[in-house]
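Engineer: quick one: sequence plus predicted model below, questions after.
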Amino acid sequence: MAKAFAPGNISCVFKVIPHADATRMHSLGMGFTIKEGVEVIVSEHHETSVLFNRQSIDFPTVRTVADRLIRNTGVAGMNVDITSPLPLGCGFGLSGAASLATAYALNELLHLGKDTETLAMVAHVAEVENRTGLGDVCSQYHGGCLVKLAEGAPLVADRLPITEQPIYYRYFGPIQTSEVLGNREQTIRINRAADAALSVLQTLCRGEVTSPLPNTELFNACFEVSKQFSVESGLLSDARVIETIEQIEAEGGVASMIMLGNGVFSTHPFEDAVKTQLVHNPARLI
């Protein structure tokens, strides 16, 4: 057997970049990886099966990765055992994390000899094909607080100089990524809001080269961009999320909505929040 880990990812801003070629379809935007993620153990099996926290699960994105990597190896199937303290469908990028960790583990177990960039692209394409995500794999491949501004390059990102630090979050329920990505009118509104956000992020990135902001000030500016995007995109609509963000801001903190999930994240502790950590570590074998 072989084992790999990939971090969860909190997406703050995203713009859908459509393309007929799955290797060119992706998202632009901003997000950061956290210390919790997924641990994947792979072992040979007579057919491919996927478990999530010991429960059998229909996980087409992971199955796509497994089927693609065992093709022409003579292996009948794989048992993919995924464990995570994070919930599925709540904006932590678990489909991307599970797919990337599965790719790394299978490459190790089957001695495929593929480099990490190739494996990351296999995971990314599986996400695109199954409409489970567009940009999480890129973040999990690099690790850290990342801004993606290069259209047509799904695995290219710039790391912002944000230090590893505590993050607090609370999720209230899932949002189906496939439903959002399949809604043309909503996608148009999201991309319009994202263009405004990306313009600000581009300015922030340029400013880090010429006149760097203090760490806290830079991260706060990112939160402001994320919050504005959540409002203008129409994605911030859950009353519980809106109320929680308002409470945090009333106490002097900054907060925004997790993309895509009905959840809130902040650098400020708040009621019923779970503490995590922004980390720079990318996916890896363990």
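Structural biologist: Alright, I've got the coordinates. Numbering: from 1, shown residues only.
Engineer: confirm Ile34 sits in a helix?
Structural biologist: No: looking at Ile34 with DSSP: H, G, I helix; E, B strand; the rest coil, it is strand, so not inside a helix.
Engineer: I'd guessed it sits against Pro7; true?
Structural biologist: Yes: in terms of C-beta atoms under 8 Å, Ile34 counts as a neighbour of Pro7; the distance is 6.0 Å. (Glycine included, C-beta is placed from N, CA and C.)
Engineer: overlap in contacts, the two.
Structural biologist: Val279 (C-beta atoms under 8 Å, 6 or more residues apart in numbering).
Engineer: which of those two has more residues huddled nearby?
Structural biologist: A direct count of neighbours by other C-beta atoms under 10 Å for Ile34 and Pro7 places Pro7 higher, at 30 against 20.
Engineer: Provide a list of residues in contact with the more buried one.
Structural biologist: Neighbour list for Pro7: Thr33, Ile34, Lys35, Glu36, Gly37, Ala97, Gln140, Gly143, Val279, Asn281, Pro282, Ala283 [criterion: C-beta under 8 Å, 6+ apart].
Engineer: in CSV, list those along with pLDDT and distance to Val13.
Structural biologist: Output for these, formatted as CSV (pLDDT from 0 to 100; distance: C-beta to C-beta, whole Å):
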residue, pLDDT, distance to Val13
Thr33, 97, 15
Ile34, 97, 17
Lys35, 97, 22
Glu36, 97, 22
Gly37, 97, 21
Ala97, 98, 19
Gln140, 98, 17
Gly143, 97, 18
Val279, 96, 20
Asn281, 94, 22
Pro282, 97, 20
Ala283, 98, 22
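Engineer: which ChimeraX command selects the buried ones in these?
Structural biologist: Filtering these down to the buried ones (16 or more other C-beta atoms under 10 Å) takes a single ChimeraX command:
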select :33,34,36,37,97,140,143,279,281,282,283
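Engineer: state the distance from Thr210 to Leu204.
Structural biologist: 11 Å (C-beta to C-beta, to the nearest Å).
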